[in-house]
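Novice: attaching a predicted model along with its sequence, questions to come.
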Amino acid sequence: MGTTVLAGALVVTILILPNRLDWMSVRAFFRLPVEAVFLSAVLLVLPARARRVTAGSLGVLLGLSAILKCLDMGFRQTLARPFDLVFDWVLLNDGADWVKDSFGRSGEVLAVVGVIVLVIAVLALSVLAMTRLADVLARHRTGAVRATLVLGVAWVVCFTMGAQTGGVTIATKGYTQYLSNRVQYVRDGLGDADVYKKQMAVDAFADTPSDQLLTGLRGKDVMLTFIESYGRVAIDDPAMGPEVDATLKEGDARLEAAGFSARSGWLKSPVTGAGSWLAHSTFLSGTWVKNQQRYRSLTTSDRATLTSYFQKTGAWRTVGIVPGVRKAWPEGKYFGLDHIYDSTHLGYQGPYFSWTPVPDQFSLESFQKLEHGKKNRDPIMAEIILASSHNPWSPIARTIDWKDLGDGKVFYKIKKEGTNPTEVWKSSKRVRTEYRKAIQYSLDSLTQWVQRYGDDDTVLVFLGDHQPVPTVTGNSANRDVPVTIVARDPKVLDRVSGWGWTDGLKPAADAPEWPMNEFRDRFMTAYGPNPGAGATTTSH
């Protein structure tokens, strides 16, 4: 009897289990799922052999859906969206790599083994539970028929009356709706490739002669810089905002002292929590790259990017400073970069800071030594990806005297002084604190570099790639990130005077909010031969 009760409880739990942690409550598990009544009726009318086969098949389905709901929970906590059955399988490997970088090889092995064991256990228990319940229904057919009829009538009555307890509807068909939504999600995903192909074909600058591209920036060194996870929450959140605001004010004063000015606005990222490469490619390509399939389609296409347009002019040497890249990156060629410096080519001999291979300050100093500081060189267009504010934000580097950076070994001592990620992630408050400190470090490193090495020909465009994980944002649906243009030459900022952006490094709450894919065309229009012309916007 006890085993049968547990089997029934497992099946019902899977049927009514929410796929979001923020929907979890005791009341959520005291509901009557119509699917339980339906499954009971199906098993009762089938002959013995068909009943056992059907029970086993239903057990597999229930087990797989339970696993999928758990994946949804994890992805919502990380990416603020459910798991995509079409595109997200590749991200599981990235997740394993993140665990290894954050908690070591042993942590990765334990996590992978634990997941495999859990998957097998869920599938096995689901099949055994359904098989046992099918046998019990067959042995007690008369009583089971009566109970099924009673529960069916009770469900219809509760559903018709909209009966609730504590605001939770008692009669639910949520599992059926969940499966239906997932099927539609897959169907939409499979058809997305054709939609995106049509969007990529629309490029307002595809036929523009190279001598008419980016004419307003000729002779300037242009740095397109991404700050990992620098989202609107860092500025707007009441707990973090004052500290970050102070850092931005210090940066404004630092830049003003060096003769620089800044303008800031907001961009809406296609992702949140993670997936930086999707945001980077959205910003650079002028198309909405919202999933891995779109990214693959883009990087195997001839769609021009902002960086490749700089390269096309022949007026700039284009380079990439990508310290987060530690493996072969064949997509790098697509972005139109003459030379790429990954984590192994920056001269860094210091420690990793959890996921981050190279601290931001060192990455920027390496850019100075390897490219920007050379004499008698051509103008540079650099894509720079600052990675120190990457999850899990523990331990964090801190800014030191630029003369003391050396080969980076000085950071071994700094890392020892930092926090332990396994301890930090026990408290959401501590996670938020470390995130805020990481953003401050990245901002300080960048503004100090401009003050130290910037000149009349320096143009810096920096932005966040996406909002941080829901642990920090509090499950906010907002996907805005700050974007800023910094220059000493007033003519550079005059070109964007009509954008309505805010003076300084901090965008005002009511500053314009653009989809990230619109920036490329607006930027190229502003710095083209006809800066007053309207830019073509692209669809999502």
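Specialist: Looks like it came in fine. All figures in this text were calculated on a predicted structure; none of them were measured in a lab.

Novice: relative to W98, how far out is the most centrally placed residue in the chain?
Specialist: A centroid search over the chain (CA atoms, centre = their mean) returns A274, at 2.2 Å, as the residue closest to the centre. Counting by CB to CB, to the nearest Å, the gap from A274 to W98 is 9 Å. Heads up, the C-betas are built off the backbone N, CA and C, glycines and all.

Novice: overlap in contacts, those two.
Specialist: Taking CB atoms under 8 Å, 6 or more residues apart in numbering as the criterion, A274 and W98 both touch N391.

Novice: what sits against the residue nearest to the centre of the chain?
Specialist: Applying CB under 8 Å, 6+ apart to A274 gives the contacts 78-79, 391, 466, 469.

Novice: next one: R303
Specialist: Under the criterion of CB under 8 Å, 6+ apart, the contact partners of R303 comprise 200, 203, 285, 287.

Novice: out of those residues, list just those in helices.
Specialist: Under the assignment DSSP state H, the contacts of R303 contribute 200, 285 to helices.

Novice: a helix runs through L137, doesn't it?
Specialist: Yes. With DSSP: H, G, I helix; E, B strand; the rest coil as the criterion, L137 is assigned to a helix.

Novice: how many residues are close by it?
Specialist: Other residues within reach of L137 by the criterion other CB atoms under 10 Å amount to 22.

Novice: and what of the one 3 residues further on?
Specialist: Close neighbours of H140, defined as other CB under 10 Å, add up to 12.

Novice: how much space separates the residue sitting furthest away from the middle of the chain from A154?
Specialist: The outermost residue of the chain, judged against the average C-alpha position, is T142 (53.8 Å), by CA atoms, centre = their mean. With distances taken as CB to CB, T142 is found 19 Å from A154.

Novice: try F29
Specialist: For F29, the distance to A154 equals 17 Å [CB to CB].

Novice: circling back to that earlier point, on the three-state scheme, the residue nearest to the centre of the chain is what?
Specialist: With three-state DSSP as the basis, A274 sits in coil.

Novice: go on, T419?
Specialist: When states are read from three-state DSSP, the local structure at T419 comes out as coil.

Novice: so who does it touch?
Specialist: For T419, counting by CB under 8 Å, 6+ apart, the contacting residues are 394-396, 430, 434.

Novice: who are the packing partners of the helix or strand containing G56?
Specialist: Under the assignment given by DSSP states H and E, the secondary-structure element containing G56 is helix 48-79. For helix 48-79, the elements it packs on are helix 2-16, helix 34-45, helix 89-139, helix 174-200, helix 470-473, judged by 3 or more CB pairs under 8 Å, 6 or more residues apart in numbering; DSSP states H and E.

Novice: now a ChimeraX select for only the buried ones of the contacts of T419.
Specialist: To isolate the buried ones among the contacts of T419 in ChimeraX, judged by 16 or more other CB atoms under 10 Å, type:
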select :394,395,396,434
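
Novice: so of the contacts of T419, which ones are in helices?
Specialist: 430, 434.

Novice: L128: neighbouring residues, count only.
Specialist: Here the neighbour count serves as a burial measure; for L128 (other CB under 10 Å) it reads 16.
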